[in-house]
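Asker: 3D model of this:
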Amino acid sequence: MAKTRAQRKAERRAREVEEQKRSGSERRAESRAQHDSQVGKSGDVAEIEAIEAGIAAGADEADLEVPDAPKGPSRSERRAESKAAKQVERKQRDDQKRRERDQLARQQKKAAAERQTGARGGVIGFLLSCWAELKKVQWPDRETLVQATVVTIIFVAVAAAYLGALDALFSWLIKQIL
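Answerer: Below you'll find the model as predicted:
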């Protein structure tokens, strides 16, 4: 009779379990042999023990550092700094978005007030819109005002002299012709 797929799979699993049991006893024997042998300390452990022994003897920790000891922050410290920087950046973006939303809300409120003011008709609406525009004007300081006034007066004087000279010239020409 032919075996089903499930039966073949079960037989294969049973064979694998038996092979593992056989190889497991061999591995256990190897691991016991390795455990029984003397295992040396790693360089890091030996270095730490030497530093601790030096500190116990009264030496400064800075004097006991090895020349190839890593300088600067560790990987975890760098990650923590990076995470903190990202949080600060995220907070700044959130604050910027909040300020933009607030500014947009103020602009919408102002636009609504202007529409309401514009809804008033006639002279009162005109005067209110004029007042609103005057509030938007950036008035010059005293120094700028004096400077602009002087420039205007000089320009008017030059233009008056030019036009006066032309008028005198053309008057003289007309008298000569007649």
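Asker: the helices in the chain, which residues?
Answerer: 5-36, 43-56, 75-119, 122-136, 142-177 (DSSP state H).
Asker: In terms of mean pLDDT, which of the ones you listed ranks lowest?
Answerer: Sorting these by mean pLDDT places helix 43-56 lowest, at a mean of 71.
Asker: Now that helix - C-alpha only, PDB.
Answerer: The C-alpha trace of helix 43-56 is given here as PDB (Å, rounded to 0.1, in the frame of the first residue of the first chain):
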ATOM      1  CA  GLY A  43      41.300  41.000  26.600                       C
ATOM      2  CA  ASP A  44      38.500  43.300  27.800                       C
ATOM      3  CA  VAL A  45      38.000  41.400  31.000                       C
ATOM      4  CA  ALA A  46      41.800  41.400  31.700                       C
ATOM      5  CA  GLU A  47      42.100  45.100  30.900                       C
ATOM      6  CA  ILE A  48      39.200  46.000  33.300                       C
ATOM      7  CA  GLU A  49      40.700  43.800  36.100                       C
ATOM      8  CA  ALA A  50      44.100  45.500  35.600                       C
ATOM      9  CA  ILE A  51      42.500  49.000  35.800                       C
ATOM     10  CA  GLU A  52      40.600  48.100  38.900                       C
ATOM     11  CA  ALA A  53      43.700  46.700  40.500                       C
ATOM     12  CA  GLY A  54      45.600  49.900  39.700                       C
ATOM     13  CA  ILE A  55      42.800  52.100  41.200                       C
ATOM     14  CA  ALA A  56      42.800  49.900  44.300                       C
END
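Asker: buried set for it?
Answerer: For helix 43-56, a neighbour-count test (16 or more other Cβ atoms under 10 Å) marks 47, 51 as buried. Where C-beta positions appear, they are placed from N, C-alpha and C, glycine not excepted.
Asker: Check the burial of residue 111 by counting its neighbours.
Answerer: Residues lying near residue 111 (other Cβ atoms under 10 Å) number 10.
Asker: nope, residue 129 is what I was after
Answerer: 14.
Asker: Likewise for the one 4 residues further on?
Answerer: By other Cβ under 10 Å, 9 other residues sit near residue 133.
Asker: if I look at it, how far off is residue 147?
Answerer: Going from residue 133 to residue 147 by Cβ to Cβ, to the nearest Å gives 25 Å.
Asker: same thing with residue 2?
Answerer: Counting by Cβ to Cβ, the gap from residue 2 to residue 147 is 109 Å.
Asker: which one of the two has more residues nearby?
Answerer: Looking at residue 2 and residue 147 with other Cβ under 10 Å, you find the greater number of neighbours at residue 147, namely 11 against 5.
Asker: and the gap between the spatially most central residue of the chain and residue 141?
Answerer: Nearest to the geometric centre of the chain sits residue 89, at 4.3 Å (Cα atoms, centre = their mean). To residue 141, residue 89 is 39 Å away according to Cβ to Cβ.
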